[in-house]
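*Asks:* Next input, structure requested:
(one chain, ligands or ions: 1)
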Amino acid sequence: MKLIEFGLVEILSLVRKGEVRVVEIVEDYIARIEQEDQKIKAYLTYAFDKALARAREIDSKKEKGKLAGAIIAIKDNIVTKGIRTTCASRILENFIPPYNATVIDRLEAEDAIIIGKTNLDEFAMGSSTENSAFFPTRNPWDTERVPGGSSGGSAAAVAALEAVAALGSDTGGSVRQPAAFCGVVGLKPTYGRVSRYGLIAYASSLDQIGPLARSVEDCALVTSVIAGFDRKDSTSSPLPVPDYLAELKTSLPKIRVGALEESSLNGVSQEVASNYRAILRLLEELGIEIQRMTFPSWEYALPCYYVIAPSEASSNLARYDGVRYGFRAESRELSEMYLKTRTQGFGSEVKRRILLGTFALSSGYYEAYYARAAKARQVITREFAAAFDRVDFILTPTTPEPAFKLGEKQDPISMYLQDYFTVAANLAGIPGISIPSGFTADGLPLGVQLLGRAFSESELFRLAFLLEKNINLKNNKSEI
Ligand code: GLN
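*Replies:* Numbers count the residues shown, from 1 in each chain. Predicted coordinates for the structure are as follows:
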C-alpha cells in the first residue's frame, strides 16, 4: 500500500510508531500531485519546498505533535504567512499574507504540514469552482464534471489522494456540497466553533471554516485541532472543545432523527431521492426512530441567504480598492483608480453579488430586502429550535443532484439552487456534516447531510460514524 492511500488516523499512527518518516510521506504526496494535478487542477499554489523543510524538522523532533504526518491542503481564502493567498481572484493574485489564520497556527502547532493552497470559486461565491479567476477544478470521479464549490479544490484534492485532508470554508454549503460531489466527508461546524481569524470574509455572519477528509474519524480529529476560542475572533465560542476522535468510540444515547416529507423531494434528482430513502431505511434498521417533519420556512432559506450573503459581501469586499494591497490598475487619479481596479480585479459573479448586496442595503430598499431577510432568518432559526425539541438530528440529501458537467449551469439561479439543502444551517448557525451515501448508476458519488443542535459536533460525528460503518458503498470507481 502506498503512503498516500492511508487515511489520516492510520498514517499518524505509522509515524508515531516510527515506521515511516514524515519526509517520505511528503515526497509521496508531491509525486502524486505532480502526476495527477495537471488533470484535476485542485491547487492554485504548491508549497512543496516549505513542506519538505518542515518535514525534516518534524522528523528530527523527539516529541511530535498530534498531527505529525498529516499532509493538508488549504482553501485559498485562508491566509498563510509567506504563501500566496489569492481567493481565486485577480484582485489578490499576488497577495502574500504577512500572518497566518488561527487555524493554520493550530494545525502547525500540532506538526501538520501545509502542502498547498486549493482552488475555489472567486471569494467563495459559487458551487462549482468555475468562478475561479484562474481555471476550474475537475471532479476526480469524472473529469468532465465539476467538483462542486466553492471548496472544490479542497474536496478534489482529498478525493484524488493529493492530500490526506483539507480545510474549506462554508458560508452556504461550500464544504458540504463539494464533499458530496467528490465522495468525501465534510463538516460545517457550529458558527463560532472555529475561529474565522484569517479567513478572508465573504459573509461574516455565515462563514465557518471546516474540514474535508476521507472518513468521519479523520474529520473529527482535524476538527478537534482547529476548534476553540480565539481572542482574535470575538464570535468564537469559549465552550471547551471535546476530544471528538476519542468520543467517537462512545455509544450514542437513544436518538431520534427527523426526515423531510416526501413533497420536499420534488425537484430533486431521482437517484438522490432514492438514495435518501435508502439511508432512512438503514437508520430504521439500526434501531433509530425516524420522524417525518415539515419545515414550512425551508423554501425561504435560499432567497433569504441570497439577500443576506451578498449584502455582507458588498460591505466586506469594499476593502479591495487598490489602495492598501492586492492588484492596482494604472490610472491618473483616485476615483479612476478605484473604478479600474475593481472593474478589472473582480470577476462577473463577484460583481453581481456586490450589486445585489448594495441594492438590498440601499436606502428605500433596505426594509423590503435586507430587513425582511433578517426576519426570515429568525423564523428559520426558530423552526430549527422547535424541530430539535422533537428530534436530535435532521437528515437531508446534501445536494439536489450529483456532480454536473462543466459549463452546464449557465444561469445564476440554476447554480444558486444547488444550495437548497445547505444554506439553512448557516442561517441558523447549526452544524452540518455531509457523508458519502452511495453512487449513481454512472458511478458518481452521492452524499447525505446530518444537521444537529448548535455545538453538538460530538454527537453528530458519532451518528455519522455509525452510518459510515453501515453504508455499503459499492465502489465502482475504476482508478484514482
Ligand atoms: N454556493 C453558495 C454561494 O455561492 C455557498 C458558497 C459558500 O458556502 N462559500 O454563495
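*Asks:* Check which helix or strand Glu34 maps to.
*Replies:* Using DSSP states H and E, the secondary-structure element containing Glu34 is helix 22-40.
*Asks:* need the next SSE after that helix, C-terminal direction.
*Replies:* Later in the chain than helix 22-40, the nearest helix or strand by DSSP H and E is strand 43-46.
*Asks:* For the helix holding Glu34, give the mean pLDDT please.
*Replies:* For helix 22-40, mean pLDDT rounds to 98.
*Asks:* next one: stretch 431-451
*Replies:* 97.
*Asks:* how far does it sit from the chain's center?
*Replies:* 14 Å (CA atoms, centre = their mean, to the nearest Å).
*Asks:* same check, this time on stretch 288-300
*Replies:* 24 Å.
*Asks:* picking up where we left off before, which elements pack onto the helix holding Glu34?
*Replies:* Applying 3 or more CB pairs under 8 Å, 6 or more residues apart in numbering; DSSP states H and E, we find helix 22-40 packed against helix 8-16, strand 43-46, helix 48-60, strand 71-75, strand 113-118. Any C-beta I mention is one placed from the backbone N, CA and C, and that applies to glycine too.
*Asks:* can you give me the helices for the stretch 101-250 of the chain?
*Replies:* Using DSSP state H, counting those that start in this stretch, the helices of the stretch 101-250 of the chain run over 102-109, 152-159, 176-182, 216-226, 244-248.
*Asks:* how about the residues of the stretch 101-250 of the chain near the ligand?
*Replies:* Contact residues (CB under 6 Å from any ligand atom) of the stretch 101-250 of the chain with the ligand: 124-127, 150, 169-174, 202.
*Asks:* filter these to the buried ones?
*Replies:* Among those, the ones that count as buried by 16 or more other CB atoms under 10 Å are 124-127, 150, 169-174, 202.
*Asks:* Just those residues: which are in strands?
*Replies:* Residues of these located in strands (DSSP state E): 169-170.
*Asks:* Now do the contacts for Thr381.
*Replies:* If you count contacts by CB atoms under 8 Å, 6 or more residues apart in numbering, Thr381 has them with 427-429.
*Asks:* Could you export those as CSV, including distance to the ligand, secondary structure and neighbour count?
*Replies:* Shown next, in CSV, are the contacts of Thr381 (distance: CB to the nearest ligand atom, whole Å; DSSP: H, G, I helix; E, B strand; the rest coil; neighbours: other CB atoms under 10 Å):
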residue, distance to the ligand, secondary structure, neighbour count
Leu427, 12, helix, 28
Ala428, 15, helix, 23
Gly429, 14, coil, 20
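*Asks:* how about those in TSV, adding distance to Pro412?
*Replies:* TSV is the format used below for the contacts of Thr381 (distance: CB to CB, whole Å):
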residue	distance to Pro412
Leu427	20
Ala428	24
Gly429	26
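*Asks:* Looking at the residues you listed, which is nearest Gln208?
*Replies:* Gly429 (8.7 Å; CB to CB).
*Asks:* Surely the closest one touches Arg193?
*Replies:* No. With contacts counted by CB atoms under 8 Å, Gly429 stays clear of Arg193, the gap being 9.6 Å.
*Asks:* Helices of the stretch 251-400 of the chain, start to end?
*Replies:* Here the stretch 251-400 of the chain has its helices, by DSSP H, counting those that start in this stretch, at 270-285, 298-316, 334-345, 348-361, 372-390.
*Asks:* How about the stretch 351-480 of the chain: which residue is closest to the ligand?
*Replies:* Sorted by distance to the ligand under CB to the nearest ligand atom, the residues of the stretch 351-480 of the chain start with Asp419, at 4.7 Å.
*Asks:* Verify the stated contact: that residue with Gln177.
*Replies:* Yes. The criterion here is CB under 8 Å, and Asp419 meets it with Gln177 at 7.1 Å.
*Asks:* Counting neighbours, go ahead and name the busier of the two.
*Replies:* Taking other CB atoms under 10 Å, Asp419 and Gln177 do not tie; Gln177 has more neighbours (33 against 24).
*Asks:* With pLDDT as extra columns, can I get the buried ones among the residues of the stretch 101-250 of the chain next to the ligand in TSV?
*Replies:* Shown next, in TSV, are those (pLDDT from 0 to 100):
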residue	pLDDT
Ala124	98
Met125	98
Gly126	98
Ser127	98
Ser150	98
Ser169	98
Asp170	98
Thr171	98
Gly172	98
Gly173	98
Ser174	98
Tyr202	98
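*Asks:* Export the buried ones among the residues of the stretch 101-250 of the chain next to the ligand as JSON lines, with columns for distance to Glu312.
*Replies:* Output for those, formatted as JSON lines (distance: CB to CB, whole Å):
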{"residue": "Ala124", "distance to Glu312": "12"}
{"residue": "Met125", "distance to Glu312": "12"}
{"residue": "Gly126", "distance to Glu312": "16"}
{"residue": "Ser127", "distance to Glu312": "18"}
{"residue": "Ser150", "distance to Glu312": "15"}
{"residue": "Ser169", "distance to Glu312": "14"}
{"residue": "Asp170", "distance to Glu312": "15"}
{"residue": "Thr171", "distance to Glu312": "9"}
{"residue": "Gly172", "distance to Glu312": "11"}
{"residue": "Gly173", "distance to Glu312": "16"}
{"residue": "Ser174", "distance to Glu312": "15"}
{"residue": "Tyr202", "distance to Glu312": "7"}
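*Asks:* Looking at the buried ones among the residues of the stretch 101-250 of the chain next to the ligand, which one is closest to Glu261?
*Replies:* Nearest to Glu261 among these: Gly173, at 21.1 Å, using CB to CB.
*Asks:* Now for the spatially most central residue of the chain: which residues touch it?
*Replies:* The C-alpha lying nearest the average C-alpha coordinate of the chain belongs to Val175 (CA atoms, centre = their mean; 1.8 Å). Residues in contact with Val175 (CB under 8 Å, 6+ apart) are 151, 154, 168-169, 186-188, 210-212, 434.
*Asks:* which one of these has the most neighbours?
*Replies:* For the contacts of Val175, neighbours were counted using other CB under 10 Å, and Ser154 has the most, 41 neighbours in all.
*Asks:* what sits against it?
*Replies:* By CB under 8 Å, 6+ apart, the contact set of Ser154 is 42, 73-75, 118, 120, 163, 166-168, 175, 178, 212.
*Asks:* out of those, which one sits closest to Arg332?
*Replies:* Leu120 (34.1 Å).
*Asks:* which other residues reach the helix holding Glu34?
*Replies:* Outside helix 22-40, the residues that touch it by CB under 8 Å, 6+ apart are 2-4, 11, 15, 43, 46, 48, 51-52, 55-56, 58-59, 68-69, 71, 111, 113, 115-116, 137-138, 140, 143, 156-157, 160-164, 480.
*Asks:* got it, and stretch 134-148?
*Replies:* Counting contacts by CB under 8 Å, 6+ apart, the residues outside stretch 134-148 that touch it are 36, 39-42, 44, 86, 88, 118-119, 127-130, 152-153, 155-156, 159-160, 177-183, 399, 403-406, 418, 442-445, 477, 480.
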